[in-house]
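Visitor: Dropping the sequence and predicted coords here.
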Amino acid sequence: MSRIHYPIDVQPYDRAKHGATVLSWPSIATGETAPPALMPPVGVVGIDGEGPCCACWLHLSMNVGVCMADNPVTRPDLTPDQAEAAALLMLEALKHVALAHDYGVMTIRAGAAFAAVLQRGGFHIQERPLFTGTILLR
């Protein structure tokens, strides 16, 4: 897990309460901000002594048992060690959410630097170039 202890309380994501703040931060997986309309309602937010410090969402596939963690974000003023600890805590919290809904596999997209963090968190990393295609249907 993480190399440092960073005290964070975890709570469910609430778009009205957390959305404006956490969705303004760039993803640590891709470096981009996510359009709020593309984020699922299932997510977790980490709160430290200064307020929201990290968040991550979970896309749940119907009747498949495979889910995808998406858009892990951390507050920009965190140190690299704090950001890693926060990201791993959010992913751990999402594992519990997924298991509570009977999902057995979790995937996530990541750039090279974040892939190393994911590996320390127990994720199996496949090294091959992948591209993400997106088309807006509405």
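Guide: Yes, it's here.
Visitor: make it CA atoms for all contacts and neighbour counts henceforth
Guide: Will do.
Visitor: The strand or helix carrying Thr21: which residues count as buried?
Guide: Element membership for Thr21 (DSSP states H and E) is helix 15-22. Across helix 15-22, burial judged by 16 or more other C-alpha atoms under 10 Å covers 15, 18, 22.
Visitor: cool, and stretch 19-34?
Guide: Applying 16+ other C-alpha under 10 Å to stretch 19-34 flags 22-23, 25-30, 34 as buried.
Visitor: Check what contacts the helix holding Thr21 and list those residues.
Guide: Contact with helix 15-22 is made by 36, 41, 45, 52-55, 73-75, as judged by C-alpha atoms under 8 Å, 6 or more residues apart in numbering.
Visitor: In strands only, show me those.
Guide: Those of the contacts of helix 15-22 mapping onto strands are 45, 52-55, 73-74, per DSSP state E.
Visitor: among those, who's most crowded?
Guide: Counting neighbours by other C-alpha atoms under 10 Å, Ala55 leads these with 31 neighbours.
Visitor: Run a quick check on Cys53 versus Thr74, I expect a contact.
Guide: Yes. Under the criterion of C-alpha atoms under 8 Å, Cys53 makes contact with Thr74 at 5.5 Å.
Visitor: Give me the common contacts of the two.
Guide: With C-alpha under 8 Å, 6+ apart as the test, Cys53 and Thr74 both reach 22, 86.
Visitor: before we move on, the earlier item: between the buried residues of stretch 19-34, which is closest to Gln11?
Guide: Gln11 has its nearest neighbour among the buried residues of stretch 19-34 in Val22, at 13.2 Å by C-alpha to C-alpha.
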